[in-house]
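Undergrad: A structural model of the following input is requested.
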Amino acid sequence: MQNKESIYTLQFFLLCLSSVLFMGSFNMIIPELPNYLTSLGGAEYKGLIISLFTVTAGLSRPFSGKMADTVGRMPVMVVGVLVCIVIGVLYPVLNSILGFFLLRLIHGFSTGFKPTGTTAYLADIVPDKKRGEALGILGVSGSLGMASGPVLGSYIAAEYGTDIMFYSSSVVALLSILILAGMKETLEIKEKFSAKTFKINFSDVYDPTVLGPSVVMLLTTFSFGSILTLVPDKSDFLEVSNRGLFFSFMLVSSIGIRLIAGRASDIYGRRNLLYFGTLILATGMAIVAFSETTFWFFTGAIVLGISVGVNSPTVFAWTVDLADPKHRGRAMATMYIALEIGVGLGAFISGFIYNNNQGYFIYAFLLCSLLAVAAFIQLLVTKPKHK
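TA: Got it, this is the predicted structure:
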């Protein structure tokens, strides 16, 4: 499947468009969830909004990785999207604190499946020497969804109410899978889905060949969990009317950088790009920590976007570099588990530190900056491993 020189095929573009829609679907609701939870009487539990989501996302990775390597890439993507569709419809129905957190827990299965299948599919259809470039463009697609989703979701919530916002997220998720109808499965040797698909061994959970990029992923995504949890409240503190604006500044700034970084990592090496990306992340989190005006708040968002644009496609490409082609799903699952652990811990610990006290924003964000520095140090002291 990888004998073509060009990455720009119909399959590739449809996969990217699907990623835009899927990422947009569940990011539409994120900026409004802290306020929605407060309206239900659960203000003190804001740290669980993202962390519960990431628990099931992480737990589902071994299953999605094994399914991607045995049953196929397409079924894994379909499962992830179906979860988004169903849960979006149920949010207005189970409108209690317990019901809300139950849905957040189940909703995490969506990102446990769809991105794993998408990345494995992409690795199948692009040339090896252009892998970083392809993953960079796929990352841009995801960023477009993540950038537009929060603004659109906040607008719909303000104009039509949160129930319509939830229903809209289901519609967008449905579109993300409809556009893939008719695409051919890329897994050449497939097995029928059976009970043994759910039998998971430790080898299905952890692929030691991708430990290096997984550690970097965990340390850097801690910041993202913190941002998802605390930025809506910090936006209110700074009197920013649309809680999704910070995410849009951050993610739009990452788009152009992703294109450059993905290609640069193919040429200059994954580690060289990550040295730069981790230090930029540390700087961005420090700016957000000390920001007391909207100018510095959004400046921090732009710097963070640059770091995400560098780090994300580079870590993904590094993971695929090191993975055995027969076990790409497992390798991606391992890396995604690290991502979910990082985001989940970042959300929970930051929420615990903040504890609805505006004076504690600085401590939560500075912890993220220190962990980004730790990722830089880890890259320096560990022995490079390349195929």
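Undergrad: does Glu191 count as helix, strand or coil?
TA: At Glu191 the chain is in coil, as set by DSSP: H, G, I helix; E, B strand; the rest coil.
Undergrad: and it, how many neighbours?
TA: Other residues within reach of Glu191, judged by other CB atoms under 10 Å, total 13. (C-beta placed from N, C-alpha, C; glycine too.)
Undergrad: next, it: phi, psi?
TA: Backbone torsions of Glu191, given as degrees, to the nearest 10, read phi -110, psi 150.
Undergrad: that one reaches Thr70, doesn't it?
TA: Yes: with contact defined as CB atoms under 8 Å, Glu191 counts as touching Thr70 (4.6 Å).
Undergrad: quick check: the gap between Leu59 and Ile29.
TA: Between Leu59 and Ile29 the computed distance is 21 Å (CB to CB, to the nearest Å).
Undergrad: neighbours of the closest residue to Ile106 other than its chain neighbours, how many?
TA: Leaving aside its chain neighbours, Ile106 sits nearest to Ile87 (5.9 Å; criterion: CB to CB, 6 or more residues apart in numbering). Using other CB under 10 Å, Ile87 has 25 other residues around it.
Undergrad: for Ile87, helix, strand, or coil?
TA: helix.
Undergrad: so it sits against Leu103, correct?
TA: Yes: counting by CB under 8 Å, Ile87 does reach Leu103; the two are 5.4 Å apart.
Undergrad: one step back: contact partners for the residue nearest to Ile106?
TA: Residues in contact with Ile87 (CB atoms under 8 Å, 6 or more residues apart in numbering) are Leu103, Ile106, His107, Ser110, Ser170.
Undergrad: which element follows the helix or strand of the chain with the lowest mean pLDDT toward the C-terminus?
TA: Within the chain, no helix or strand scores below helix 202-205, which has a mean of 68 by mean pLDDT, DSSP states H and E. Using DSSP states H and E, the helix or strand that follows helix 202-205 in sequence is helix 211-237.
Undergrad: now do that following helix, average pLDDT.
TA: Average pLDDT, helix 211-237: 91.
Undergrad: okay, buried residues for that helix please.
TA: 211-235 (16 or more other CB atoms under 10 Å).
Undergrad: can you give the distance of stretch 74-93 from its chain's centre?
TA: How far stretch 74-93 lies from its chain's middle: 16 Å, per CA atoms, centre = their mean, to the nearest Å.
Undergrad: so Leu59 and Ile29 - more neighbours on which side?
TA: In this view Leu59 and Ile29 are compared by other CB under 10 Å, and Ile29 has more residues nearby, 24 against 17.
Undergrad: what's the more buried one in contact with, if anything?
TA: Per CB under 8 Å, 6+ apart, neighbours of Ile29: Gly88, Tyr91, Gly153, Met165, Phe166, Ser169.
Undergrad: could I get those as a markdown table with secondary structure and neighbour count?
TA: Converted to a markdown table, these look like this (DSSP: H, G, I helix; E, B strand; the rest coil; neighbours: other CB atoms under 10 Å):
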| residue | secondary structure | neighbour count |
| --- | --- | --- |
| Gly88 | helix | 26 |
| Tyr91 | coil | 23 |
| Gly153 | helix | 28 |
| Met165 | helix | 24 |
| Phe166 | helix | 24 |
| Ser169 | helix | 28 |
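Undergrad: closest to Glu159 among these?
TA: The nearest member of the contacts of Ile29 to Glu159, counting by CB to CB, is Met165 at 9.5 Å.
Undergrad: surely that closest one touches Glu159?
TA: No: under the criterion of CB under 8 Å, Met165 makes no contact with Glu159, lying 9.5 Å away.
Undergrad: shaky segments in the stretch 201-350 of the chain?
TA: Counting by pLDDT under 70, the stretch 201-350 of the chain contains low-confidence ranges at 202-204.
Undergrad: helix, strand, or coil at the closest residue to Glu44 other than its chain neighbours?
TA: Spatial nearest neighbour of Glu44, excluding adjacent residues (CB to CB, 6+ apart): Asn356 at 6.8 Å. Taking three-state DSSP as the rule, one finds Asn356 in the coil state.
Undergrad: before I go, just wanted to say thanks for your time.
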